[in-house]
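In: just coords:
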């Protein structure tokens, strides 16, 4: 199920995420249609221009991004394990990826 404009849309077209070491299905990820992607991009642009980018003070945006980093750091081990399971990466490389994600933000 994909949610767009607050409406859940069932889409049978999906990607199957498998553990490369075992072939076990981890999850099925619904795929968006080109129209859904266009709508999502338009909604994001509207949110930025109408709220986030212009009406939210810089200090508040910085604080929200710091909170996002903290949330990622709090689930670091879970993300590392998931990356290892999905991509077959060694734990040390997966850990680097989670740290890079935080650094990027």
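Out: The structure has been received and is ready for your questions. Treat the numbers as computed from the prediction; the structure is a model and nothing was measured.

In: only C-alpha atoms from now on, for both contacts and neighbour counts.
Out: Noted.

In: helices along this protein, start to end?
Out: 34-47, 53-55, 58-74, 76-87, 91-104 (DSSP state H).

In: need those in TSV with mean neighbour count, mean pLDDT and distance to residue 27, can you?
Out: Output for those, formatted as TSV (neighbours: other CA atoms under 10 Å; pLDDT from 0 to 100; distance: least, CA to CA, whole Å):
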stretch	mean neighbour count	mean pLDDT	distance to residue 27
helix 34-47	13	89	21
helix 53-55	12	81	34
helix 58-74	13	94	21
helix 76-87	18	92	10
helix 91-104	14	93	19
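
In: got a list of what residue 58 touches?
Out: Counting by CA atoms under 8 Å, 6 or more residues apart in numbering, residue 58 makes contact with nothing.

In: and it, how far is that from residue 43?
Out: 21 Å (CA to CA, to the nearest Å).
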